[in-house]
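Asker: Okay, sequence plus prediction incoming.
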Amino acid sequence: MDIKEEVYSVFLRLLCHFGPQRWWPRIWKEGNHRDEIIIGAVLTQRTLWKNVENALKKLEDYGITSIAKFYDTDEGYIERLLKSVPFRRRKIRTIKRLWETVKYGVPSREKLLEVEGIGEETADVILLYAYDIPTIVIDEYARRWFLRFFGLNVGDRMLRSYLHFEDTFYLKEMHALLDELGKRYCKRKPLCDDCPLKSKCRLYVRVFSKR
DNA sequence: TGCCAGGTGAAAG
DNA sequence: CTTTCACATGGC
């Protein structure tokens, strides 16, 4: 069984086990949902989603429900609204810089990566979830799972090609499901006993099964 | 109560 | 190329 086939079978297994995750979550009742995703994608960098949720609610309470509005609002004012978000001063500037790129229409991956504060993961999140452009999102959870599951240490470039399928439902769910797996089982200190993937996982076979 | 969270970029080896 | 650090806060 080649790696891509096995990746897809993992996707199906995770989907059955956890159910569809329906990312990207929406917090705002109204306003520009595309902008909400873009703002949330930056705010959630190295940050608990719960804290981002609170911050997004705060923005909505004060009527900042688009990047354009965000751009036109005083930095110090926004900073007070986002007090639950770490690294917020940087992130506010990043979001304001993003406006210069996204106001002209659908941004390319290259253009997003030119924005200071936007790396590969955030760029791919924006493309996939805000613009529905088929892109695989690689994060720490995906790297860790792949290394353990296949016992292969590959670079991000390879990883992207192994995980990519041209289907936005798969792409959106796969990223969300691997995050769920990483949070519940495939943690830094793995909890393999109840992991839905243990029967196929190279790490589990190597470390825990007796011969 | 300490660890860590849905990263990025700059600096250094 | 890889490792290390600053960025800064709340949740559990």
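Answerer: Right, received. Where do you want to start? Small disclaimer: the values here were computed from a predicted structure and weren't measured. Residues are numbered from 1 along each chain as shown, chains lettered A, B, ... in the order given.
Asker: contacts and neighbour counts: CA atoms only from here.
Answerer: Fine.
Asker: lowest confidence element among the helices and strands of chain A?
Answerer: helix A:202-207 (a mean of 84; mean pLDDT, DSSP states H and E).
Asker: Poorly predicted segments of chain A, please.
Answerer: For chain A, the stretches with pLDDT under 70 are A:209-211.
Asker: ok, the residue positioned nearest the centre of it - contacts?
Answerer: Residue closest to the average C-alpha location in chain A (CA atoms, centre = their mean): residue A:125, at 5.6 Å. Residues in contact with residue A:125 (CA atoms under 8 Å, 6 or more residues apart in numbering) are A:41, A:137.
Asker: Checking the helix or strand where it lies against DNA strand C, do any of its residues make contact.
Answerer: Using DSSP states H and E, residue A:125 maps to helix A:120-125. No: judged by CA under 7 Å from any atom of the strand, helix A:120-125 and DNA strand C are separated, with a smallest distance of 13.8 Å.
Asker: for the least confident helix or strand of chain A, packing partners?
Answerer: helix A:140-150 (3 or more CA pairs under 8 Å, 6 or more residues apart in numbering; DSSP states H and E).
Asker: what does the helix it packs on rub up against?
Answerer: Residues contacting helix A:140-150 (CA under 8 Å, 6+ apart): A:152-154, A:156, A:159, A:175, A:178-179, A:182, A:186, A:200-203.
Asker: anything in that helix near DNA strand B?
Answerer: Yes: residues of helix A:140-150 are located near DNA strand B by CA under 7 Å from any atom of the strand, namely residue A:140.
Asker: swap in stretch A:9-28?
Answerer: Yes: judged by CA under 7 Å from any atom of the strand, stretch A:9-28 and DNA strand B are in contact via A:23, A:24, A:25.
Asker: give me the number of residues near the last one?
Answerer: Looking back up the chat, that one is residue A:25. For residue A:25, the neighbour count with other CA atoms under 10 Å is 14.
Asker: Helix, strand, or coil at it?
Answerer: coil (DSSP: H, G, I helix; E, B strand; the rest coil).
Asker: Roughly how far does it sit from DNA strand C?
Answerer: Distance, residue A:25 to DNA strand C, by CA to the nearest atom of the strand, to the nearest Å: 17 Å.
Asker: Phi and psi next, for that residue.
Answerer: phi -60, psi 140 (degrees, to the nearest 10).
Asker: follow-up on the earlier one: quick check on the contacts of helix A:140-150: which are buried?
Answerer: When the contacts of helix A:140-150 are checked for burial by 16 or more other CA atoms under 10 Å, the buried set is A:159, A:175, A:178, A:179, A:182, A:186, A:201, A:202, A:203.
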